[in-house]
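Quick one, what's the 3D model for this:
(4 chains)
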Protein chains: 2
Amino acid sequence: MNHARVTLSDIAQRAGVSPATVSRVLNGDPRVAPARVARINEIIEELGYAPNRAARTLATGRTGLVAAVIDSNLNVFSDPFWGIITTGVSRALQDSGMQALLMVRPLDDADPQVMGTLAPGHVDGAIFFQLHNDNVVRQLQDLGLPCVVVGRPDDAASFTYVDSDNFGGAEIATTHLLKRGCTRVATIAGDVRLSSGRLRLDGFRSALAHAGIELDESFVVFGDWTDESGEAAMNELLNRHPDIDGVFIANDAMAIGALAVLDDRGIDVPGQVAVVGFDNMFAGRIGRKQLTTVQQDVEALGATAASMVIEAIQGAVPKSVILPTHLVVRETA
Amino acid sequence: MNHARVTLSDIAQRAGVSPATVSRVLNGDPRVAPARVARINEIIEELGYAPNRAARTLATGRTGLVAAVIDSNLNVFSDPFWGIITTGVSRALQDSGMQALLMVRPLDDADPQVMGTLAPGHVDGAIFFQLHNDNVVRQLQDLGLPCVVVGRPDDAASFTYVDSDNFGGAEIATTHLLKRGCTRVATIAGDVRLSSGRLRLDGFRSALAHAGIELDESFVVFGDWTDESGEAAMNELLNRHPDIDGVFIANDAMAIGALAVLDDRGIDVPGQVAVVGFDNMFAGRIGRKQLTTVQQDVEALGATAASMVIEAIQGAVPKSVILPTHLVVRETA
DNA sequence: CTGAAAGCGCTAACAT
DNA sequence: ATGTTAGCGCTTTCAG
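Sure thing, here's the model as predicted:
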C-alpha cells in the first residue's frame, strides 16, 4: 500500500554506488562513467524514482518555483484571458523544469503572507498580473527576487515587463478605418488610468495625426471596458455627431454595447458606421455581424513572461518586451 | 546587500533559548511560557523572519502545496471562468496556510513529469479541472494522494468531486419557459460527451416530463458549445419547426449564435420565441436583448474544491458536492 | 571518475 | 516548560 518513498540512497544501494554518484547522474554531471550512468538511469526508471523537491531546495537554495501573482484588491478576478495566459506561463515554466505557484491576493507590502511567501528563498522568481500596487514589487526586487510584470506598469522604467502593443494595435485599427474611407472617425476609450487604456487612445490619436487629421476632442468618449458603458458611449457619440462613419472601440466588450445601439438605431454597419474593436474575444458574430478587431497573442504574453523570469533567475538582465498585435478584418469594418 | 537569510536558530540565539522552543512558538505549542512566547514573537517580527518551507517540508513530510491541474490535451485552454475559479481555489488554500501549484498539462499517466510532481510527498493534494483522463487521478489516489475533481467525472463513484447543479439548472430554465406559456419548446444541447452537456439535456427532458409533455426528439439539436454551432443549430431547429416558441440553450455562447439567427430572420424575442441560456457569461446585452440564463457560483466551485482537499488532507473523507444554480431572468424569456 | 562527510533549516521524539 | 539529539533527502566540497 504505502510504498515507503524511494529515495536517492535506495537507488545508490541498488546500484552499488554512493549517493553522490547518483546525484551526479541526476544533475547531468559529465564525469560519471557512461556504463554507470546507463545502469543508474535504468534503476531510477524501474523504481519510478523522482527526486524530492524539498530536499533539493534545502540543499541548493533553489526552489524551482515561480510565483504567478494576481493583485486582486477586487472581490472577484474575472478575465477571459486568464486561462490562456496561465497556460503560457505554466508550460514555459515546466519546459525549464520549474513550476508555477499561483497566488491571488491583494498586494500589500505590509502583508506578512505576501512578503513571506514571495521573499527570495521561498520562490525563485515572480510574475505579476494586474498590478495595482508596485511597492510590493519594488521591495521584492530590492531583496533580490527576479520579478517580471505583465502589462506595462505606470513606472515602466523601474520594472521589467511584457506587454502587447496596445499603441500599435490601436494605430493600425484606426488607420484601417481611414483607409476604408472613413472621414469622421471617433473612439470609445477605455479606462485611462490603466496603461492599456491610455496607450490605445494614444494609438488612435497617432493614426489621425499621421493622416494629417486634426482631432476634435468631442469625438473621444470614455467607457469603463463594460458593454453597458459601450452602449452609453455610443449613444453619446451619436448624439454629438450623427454623421460619424467610423469608431475605434478600445475593447470588444464595449464594442458589443456599441453594436447593439447601432443596431437599435437602424444604422448599418459597416455601411454607415464602421467599427473596430480590440482583444478578439469573440470568434463569431456579435449581434448581427462579426467584429473586426485587434488581436493580441495572449499565450505568448504568459510564455514570454515566464521566459523572462527564467532568464533573470539565471542571472541575465532581461529587457522589457512589447509583443506585436494584429488586425483581424471581419465584417464590421 | 544579500542579507544572509534569517533562520530559526538566529531567533533562538537572539532570544537565548533553544531552537526547539522557537519551533514550538511557531507551531503554537501551548506549553511555552507566555513571557517567552511574547519575546520570541517580538524578535521574529523585528527580524522579519519567515520559516523556510523546504526545511519544514523535509522535516514534516507536508509540503503545504496543493496542485491545481488542468488537463489540457488541447492547444489552448480558454475558459472565461478560469480567473474566478482560480481565485476561489487560491484564497481558500491561503486561508489554511497552503498554496496552489498550477499545472497546465496533458494528463498522461505515463508522463513522469506529471506523476513526479503530483506524487505524494511532492504536493499534499490535488484538484483536477477539465478532466479527460481519469487514469491519472485513479493512480494518484491509489498512491494515497488526496484528490478532488471539479465537474462531475464520468465515473462519479470513484472520485470525490464538486459540480454545479447542471441538471437542476436546466430543469428550472425549461420550467420557466413552460410557465411563460411556451408549448413548443426545443433545446440546443452541448457536447454530450461531457457530463455538463448530458446533465443539462437531462434536466431539460425532466422538466418536460414533469409537465406531462412528451418530447419529440426532433426538438433536440446538438451543438459544440461555440456560437457558430449555436447558429447552425438554431437554423436547423427553425427549419424543422417554424412554430417553436421557446428554446433552452445549453450555454450562453451558443445562445449568442442562436439569437443572431433569430434576429436575422426577424423573429421577435421573446414575443415569438423565448430563449434561456446557461452560464451567465454576459452581464449586458447580447445583440438586441439581455439574455435570461442560468447562473452558477464559479468562485464557490473553486473554494469548495479547495476546502474539500484540505479536509481530505486532514484525514476526513469528504463527500461529493453539488452546488446550486439559479435562474437570472432578464429580457429573452 | 568516485566516495566520504558535512550541512541546508526545521521538527519531533526523548530527556530533564 | 525547555533543551538535546537526531534526522528528513539531497548536494557539494574535499580527498583520493
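
How about the residues of the stretch 201-333 of chain A by chain B?
Selection of the stretch 201-333 of chain A residues close to chain B by Cβ under 8 Å from any Cβ of the partner chain yields A:226-228, A:231, A:256-257, A:260, A:263-264, A:282-288, A:299. From N, CA and C alone the C-beta is placed, and that goes for glycine too.

quick one: least confident helix or strand in chain A?
The helix or strand of chain A with the poorest confidence is strand A:285-286; it has a mean of 79 (mean pLDDT, DSSP states H and E).

any idea where the strands of the stretch 151-300 of chain A begin and end?
Ranges of strands within the stretch 151-300 of chain A are A:161-164, A:185-189, A:220-222, A:246-249, A:274-276, A:285-286, A:289-290, A:293-296, based on DSSP state E, counting those that start in this stretch.

among these, which is the most enclosed?
The highest average neighbour count among the strands of the stretch 151-300 of chain A, using mean count of other Cβ atoms under 10 Å in any protein chain shown, belongs to strand A:246-249 at a mean of 30.

Residues in contact with the least confident helix or strand of chain A: which ones?
A:252, A:255, A:256, A:259, B:227, B:231, B:256, B:257, B:260, B:287 (Cβ atoms under 8 Å, 6 or more residues apart in numbering or on different chains).

Can you check what pLDDT the model gives the second one?
Yep, that's residue A:255 we're talking about. Per-residue confidence (pLDDT) for residue A:255: 94.

I'd say it and residue A:280 touch.
No - if you go by Cβ atoms under 8 Å, residue A:255 and residue A:280 don't touch, sitting 10.7 Å apart.

who touches both of the two?
Joint contacts of residue A:255 and residue A:280 (Cβ under 8 Å, 6+ apart) are residue A:293.

So between those two, which is more surrounded?
A count of neighbours by other Cβ atoms under 10 Å in any protein chain shown puts residue A:255 above the other of residue A:255 and residue A:280, at 30 against 20.

ok, the more buried one - contacts?
Residue A:255 is in contact with A:230, A:249, A:275, A:277, A:278, A:286, A:291, A:293, counting by Cβ under 8 Å, 6+ apart.

hmm, 7 Å instead?
Residues in contact with residue A:255 (Cβ atoms under 7 Å, 6 or more residues apart in numbering or on different chains) are A:230, A:249, A:275, A:277, A:286, A:291.

Residue A:324: neighbour count?
Residue A:324 is flanked by 12 other residues according to other Cβ under 10 Å.

so how far is DNA strand C from it?
Look at residue A:324 and DNA strand C: by Cβ to the nearest atom of the strand, to the nearest Å, they are 44 Å apart.

Mind listing the strands the least confident helix or strand of chain A pairs with, and their directions?
strand A:289-290 (antiparallel) (DSSP bridges).

The strand it pairs with - what's its average pLDDT?
Taken as a whole, strand A:289-290 has an average pLDDT of 89.

can you check stretch A:317-333 too?
On average, the pLDDT along stretch A:317-333 is 96.

now stretch A:262-272
For stretch A:262-272, the mean per-residue pLDDT is 94.

What ranges does the stretch 1-150 of chain A have for its helices?
Counting by DSSP state H, counting those that start in this stretch, the stretch 1-150 of chain A has helices at residues A:8-15, A:19-26, A:34-47, A:53-60, A:82-95, A:112-118, A:134-142.

how many neighbours does residue A:47 have?
14.

quick one: contacts for it?
A:6, A:10, A:11.

go with 8 Å
Residues near residue A:47 by Cβ under 8 Å, 6+ apart: A:6, A:10, A:11, A:14.

now swap in residue A:5 and tell me
Per Cβ under 8 Å, 6+ apart, neighbours of residue A:5: A:52, B:120, B:121.

List just the nearest of the residues you listed to DNA strand D.
Nearest to DNA strand D among those: residue A:52, at 3.5 Å, using Cβ to the nearest atom of the strand.
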